[in-house]
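Undergrad: structure for the following, please:
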Amino acid sequence: MKINFPGGKRVTSTYKGFTVETDQPTSEGGDGSAPEPYDLFLSSMGTCAGVYIVYFCESRNIPTDGLSMTLRFERNEESHLVETIAMQIHLPTGFPEKYRKAVIRSAQMCTVKRSLQYPPEIVVTATEPSE
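TA: Predicted structure coming up:
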């Protein structure tokens, strides 16, 4: 993954042929042209859990029409860090009752969520161009 700094408060990442753009809001000196990096982190949690829900439904031939999920975040007033992420799966009418607990378990298998439970070591270094 390559991280670039195209100007202003914008930062992009390029990986597997995709470019993800981020920016800071105008109140933070950015242009507000893209999501903030932390917003993408939170979005990755929801979309990752969502993929597991889709796989679960597909493997049981359960239609996903009307299926959605809401994430709510509770932040610590002092640290401003998110302390709780509440995921609420909105099941469509007619969703089989016998799969209600299982679809919750499938969302909990999300790799992003599990990475937070068992965080990797993060090593930061700096280099200069070779001459």
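Undergrad: so what's the gap between the helix or strand where Leu116 lies and the chain middle?
TA: Element membership of Leu116 [criterion: DSSP states H and E] is helix 111-117. Computed by CA atoms, centre = their mean, to the nearest Å, the chain-centroid distance of helix 111-117 equals 10 Å.
Undergrad: for it, packing partners?
TA: When contacts are defined as 3 or more CB pairs under 8 Å, 6 or more residues apart in numbering; DSSP states H and E, helix 111-117 sits against helix 37-59. C-beta coordinates here come from the backbone N, C-alpha and C atoms, glycine included.
Undergrad: for the helix it packs on, buried residues please.
TA: When burial is assessed from 16 or more other CB atoms under 10 Å, helix 37-59 yields the following buried residues: Leu42, Met45, Gly46, Cys48, Ala49, Gly50, Tyr52, Ile53, Phe56, Cys57.
Undergrad: output stretch 89-104 in PDB with nothing but the alpha carbons.
TA: Coordinates of each C-alpha in stretch 89-104 appear next as PDB, following Å, rounded to 0.1, in the frame of the first residue of the first chain:
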ATOM      1  CA  ILE A  89     -28.800  -5.300  11.800                       C
ATOM      2  CA  HIS A  90     -32.200  -4.400  10.400                       C
ATOM      3  CA  LEU A  91     -33.700  -7.600   9.200                       C
ATOM      4  CA  PRO A  92     -36.300  -7.600   6.400                       C
ATOM      5  CA  THR A  93     -39.800  -8.700   7.000                       C
ATOM      6  CA  GLY A  94     -39.900 -12.500   6.700                       C
ATOM      7  CA  PHE A  95     -36.300 -13.100   7.800                       C
ATOM      8  CA  PRO A  96     -36.200 -16.600   9.200                       C
ATOM      9  CA  GLU A  97     -36.400 -16.400  13.000                       C
ATOM     10  CA  LYS A  98     -34.200 -19.500  13.400                       C
ATOM     11  CA  TYR A  99     -31.300 -17.500  11.800                       C
ATOM     12  CA  ARG A 100     -31.600 -14.300  13.900                       C
ATOM     13  CA  LYS A 101     -28.800 -15.200  16.400                       C
ATOM     14  CA  ALA A 102     -26.700 -16.800  13.600                       C
ATOM     15  CA  VAL A 103     -26.700 -13.700  11.500                       C
ATOM     16  CA  ILE A 104     -25.500 -11.700  14.500                       C
END
